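Undergrad: here is the input, now give the coordinates:
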Amino acid sequence: MTQVDHTRMANAIRGLAMDAVEKAKSGHPGLPMGAADIATVLFTQFLKYDAADPKWPDRDRFVLSAGHGSMLIYALLYLTGNAEMTLDQIRNFRQLDSKTPGHPENFHTPGVETTTGPLGQGIATAVGMALAEKMLAAEFSKKVVSHYTYVLASDGDLMEGVSQEAIAMAGHWRLNRLIVLFDDNGISIDGPLSIADSVDQVKRFKSAGWAAERIDGHDPKAIAAAIARAQRSGKPSLIACKTTIGYGAPNKAGTAKVHGEALGADELKGAKDKLGISQDAFSVPADVLKAWRAAGARGAAARKEWQEAFATLSNRKQNEFQRRMRHERPVALARAMRAHKKALLEKPLVAATRKSSEAAIEAIVQAMPEFVAGSADLTGSNNNKAKSAVAFSHKTPKGRFIHYGIREHGMAAAMNGIHLHGGFAPNGATFLVFTDYARGAMRLSALMGAGVVYVMTHDSIGLGEDGPTHQPVEHLAALRAMPNMRVLRPCDAIEVAECWELALNRTDGPTVLALTRQNLPQLRTTAPNDNPCAHGAYELVAAQGDAKVSLFASGSEVEIAVAAQKQLAERGIPARVVSVPSLELLLAQPAERKKAIIGNAPVKIAIEAAVRWGWDAVIGPDGEFVGMTGFGASAPAKDLFRHFGITAEAAVNAALKRLG
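TA: Sure thing, here's the model as predicted:
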């Protein structure tokens with residue numbers, strides 16, 4: 001491409017971005033205008049992408065971490081010929097039901113690899129994509145898995161704390177097929193970056209084990225040369241591209257004024273005059289559009305070559321690859337879990353549910369090669385590493401256990417990337433209280449419908465002596481409040497196995513497994529094929545006669561409910577126990593089933609070592625609750641349950657009070 005050709009193609013991006021933001025009277029024109037040269041070089045010369053098949057497995061991934069500049073990716077999708085990104089969609093930027101929402105949404109817009117907008121998430125998710133590429137290539141060979149992950153990141157992405165976690169992991173793992181193009185424009189919403197930040201990003205990335213350099217982000221030859229060097233590097237690469245935000249705007253270029261608002265009619269006209277763009281809104285010259293469509297079709301040959309290479313694999317390997325890229329679970333998984341539950345019934349396991357989870361994982365890994373676990377430096381406490389698991393490293397890319405270090409947020413974001421890439425079923429572990437650190441990425445898991453499993457141990461005051469800093473009390477409620485986040489809190493080894501089955505078979509949303517530190521008895525004596533946990537709750541112990549009291553509990557408190565039921569029975573008061581591993585699943589049941597599970601006992605009591613929020617939907621606002629009303633304390637677990645009144649005696653007294 002000549003300089004003239006490049007300029008006209010880049011200006012097509014700028015023109016569409018300016019027009020779309022102007023029509024919507026909302027958006028961020030500055031980044032697409034400033035980064036258009038970078039994107040043009042990447043998409044026309046390097047990106048392995050076929051607009052006719054935006055989901056083929058060995059495509060390069062492009063992540064717009066700077067999601068506020070969404071018109072950049074929308075313009076690129078339209079220009080390269082993505083069938084669903086029409087000019088009408090561009091015209092309807094930020095409007096209801098359009099495929100051009102304010103920030104990119106992968107579940108909504110074909111061709112968008114991941115949802116971005118919350119800064120830092122894109123680059124951190126991309127680390128997971130690059131990690132998955134490395135692991136999948138080691139397993140299926142580089143002839144069928146050999147692609148790059150490109151990220152366009154902003155100053156804001158690199159200021160967010162999660163970016164440090166992400167770049168440290170990528171450097172340590174030597175993810176050399178990860179290339180970050182940093183739109184180094186020196187401007188944020190508040191003004192010049194210098195008012196808040198003075199980090200030398202090139203030195204920062206180099207210190208984390210990256211190759212890093214600075215270039216002129218408006219020089220197409222410099223951009224191309226830098227990308228070529230990055231592709232040859234044995235390390236992940238940062239290319240800091242010095243750009244002018246709002247490039248071409250006569251008065252607002254290089255200022256915060258062009259960051260997050262429409263240019264205005266006069267500035268728009270002036271920018272188009274300066275850049276040589278037609279004043280007609282949403283117009284792209286025919287020859288420029290033809291050149292862009294050719295760029296979008298450039299990957300067709302690479303896709304055909306990949307298909308030919310893929311065909312050389314054995315039928316078994318082809319089927320396995322396709323199954324895993326579809327997130328379809330192996331038939332052997334159900335068999336393995338049935339055998340595991342049968343063994344538990346024959347030899348009950350009295351253990352903390354984190355240990356019961358470890359036992360379930362041993363069964364899972366024998367049947368599910370895509371199972372990838374990891375921990376944020378709490379492996380020995382979380383118990384999610386199989387005995388056979390080898391730790392992943394740049395020397396052992398076939399390893400299926402990931403040491404994330406003390407990086408809960410980075411771990412969660414990377415798992416999103418692993419799932420979105422395809423080929424693996426990721427789970428990651430830490431203490432439940434530290435979901436606070438991971439929450440930004442967990443919310444995106446839920447929004448995107450990513451089938452990620454969060455193994456969260458030490459789930460209540462039951463963790464004991466570590467005290468209130470580590471004891472979650474509001475966390476179950478907070479996670480249950482998150483749309484599409486499923487929280488499972490099993491009460492024993494059988495429920496743990498059933499909850500793992502539910503979690504692994506849920507590929508359209510994330511699951512939290514809340515597990516105990518303290519030992520629990522095995523309460524279940526049956527394991528029917530119709531997984532009782534799938535309904536969110538079920539009657540564990542029936543009343544002798546018409547129930548006067550229904551006792552609802554989750555996790556470690558089910559044991560307390562069972563003890564209370566026995567004490568009530570001794571007093572001649574028929575009571576039933578309902579185990580509630582998932583409050584959300586229970587509330588989502590059809591009305592008749594939900595009514596049957598909740599029952600019609602006049603007294604309803606919920607027992608959970610957490611705050612009450614959410615339980616009123618089951619017990620009613622006048623129901624009794626035995627649980628926490630504030631933070632915990634440091635002491636042995638048994639002392640804490642007595643101290644806070646979470647006991648069978650407390651439940652019995654609550655029932656007696658209501659029965660008069």
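
Undergrad: burial count for residue 260?
TA: 17 (other Cβ atoms under 10 Å). Quick note: C-beta positions are derived from backbone N, CA and C, even for glycine.

Undergrad: now the helix or strand where residue 238 lies: average pLDDT?
TA: Assessed by DSSP states H and E, residue 238 sits inside strand 237-242. Averaged over strand 237-242, pLDDT sits at 99.

Undergrad: okay, now the sheet partners of that strand, with direction.
TA: According to DSSP bridges, strand 237-242 forms sheet pairs with strand 178-184 (parallel), strand 211-216 (parallel).

Undergrad: pull out the buried residues from the last one.
TA: If you call a residue buried by 16 or more other Cβ atoms under 10 Å, then strand 211-216 has these buried ones: 211-215.

Undergrad: do stretch 141-150 as well
TA: By neighbour count on 16+ other Cβ under 10 Å, the buried set for stretch 141-150 is 144-150.

Undergrad: span of that stretch from start to end?
TA: End-to-end distance for stretch 141-150: 21 Å, by Cα to Cα, to the nearest Å.

Undergrad: residues in contact with it: which ones?
TA: Stretch 141-150 is touched from outside by 42, 46-48, 57-63, 126, 129-130, 133, 136-137, 177-181, 231, 306, 309-310, 312-313, 321, with contacts defined as Cβ atoms under 8 Å, 6 or more residues apart in numbering.

Undergrad: can you rerun that using 7 Å?
TA: Here stretch 141-150 makes contact (Cβ atoms under 7 Å, 6 or more residues apart in numbering) with 42, 47-48, 58-63, 126, 129-130, 133, 136-137, 177-179, 181, 231, 306, 309-310, 313.

Undergrad: separate out the buried members of those residues.
TA: Burial by neighbour count, 16+ other Cβ under 10 Å: within the contacts of stretch 141-150 this picks out 42, 47-48, 58-63, 126, 129-130, 133, 136-137, 177-179, 181, 306, 310, 313.

Undergrad: where do the strands of the stretch 301-450 of the chain begin and end?
TA: Counting by DSSP state E, counting those that start in this stretch, the stretch 301-450 of the chain has strands at residues 351-352, 371-375, 401-403, 425-431.

Undergrad: export these to a markdown table and tack on mean pLDDT and distance to residue 413?
TA: Shown next, in a markdown table, are the strands of the stretch 301-450 of the chain (pLDDT from 0 to 100; distance: least, Cβ to Cβ, whole Å):
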| stretch | mean pLDDT | distance to residue 413 |
| --- | --- | --- |
| strand 351-352 | 98 | 28 |
| strand 371-375 | 98 | 12 |
| strand 401-403 | 98 | 13 |
| strand 425-431 | 98 | 10 |
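
Undergrad: so how far is residue 225 from residue 608?
TA: Separation of residue 608 from residue 225 (Cβ to Cβ, to the nearest Å): 60 Å.

Undergrad: let's see the pLDDT reported for the nearest residue to residue 106 once chain neighbours are set aside.
TA: Spatial nearest neighbour of residue 106, chain neighbours left out: residue 112 (4.5 Å); criterion: Cβ to Cβ, 6 or more residues apart in numbering. Note on residue 112: pLDDT of 98.

Undergrad: what about residue 112, how many neighbours?
TA: 26.

Undergrad: that one and residue 104 touch, don't they?
TA: Yes: Residue 112 is in contact with residue 104 according to Cβ atoms under 7 Å; the separation is 4.5 Å.

Undergrad: list the contacts for residue 448?
TA: Residue 448 is in contact with 106-107, 115, 416, counting by Cβ under 7 Å, 6+ apart.

Undergrad: need these in CSV (columns: secondary structure).
TA: Compiled in CSV, the contacts of residue 448 are given as follows (DSSP: H, G, I helix; E, B strand; the rest coil):
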residue, secondary structure
106, coil
107, coil
115, coil
416, helix
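
Undergrad: I'd like to know which of the residues you listed are buried.
TA: 106, 115, 416.

Undergrad: okay, the first one: pLDDT?
TA: Same thing as residue 106. At residue 106, the model reports a pLDDT of 98.

Undergrad: residue 73 versus that one, what's the distance?
TA: Residue 106 is 11 Å from residue 73, by Cβ to Cβ.

Undergrad: need the overlap of contacts for those two.
TA: Going by Cβ under 7 Å, 6+ apart, residues that sit against residue 106 and also against residue 73 are residue 112.

Undergrad: sorry, back to before: which neighbours do residue 112 and residue 104 share?
TA: Shared contacts of residue 112 and residue 104, defined by Cβ under 7 Å, 6+ apart, comprise residue 73.

Undergrad: one step back: to residue 598, which of the strands of the stretch 301-450 of the chain lies closest?
TA: strand 351-352 (29.0 Å; Cβ to Cβ).

Undergrad: just checking, what packs against the closest one?
TA: For strand 351-352, the elements it packs on are strand 519-520, judged by 3 or more Cβ pairs under 7 Å, 6 or more residues apart in numbering; DSSP states H and E.

Undergrad: 6 Å instead, please
TA: Taking 3 or more Cβ pairs under 6 Å, 6 or more residues apart in numbering; DSSP states H and E as contact, there are no helices or strands that strand 351-352 lies on.

Undergrad: for the longest helix anywhere in the chain, buried residues please.
TA: Taking DSSP state H as the assignment, the helix of the chain that covers the most residues is helix 3-24. Residues of helix 3-24 classed as buried: 6-24 (neighbour count, 16+ other Cβ under 10 Å).
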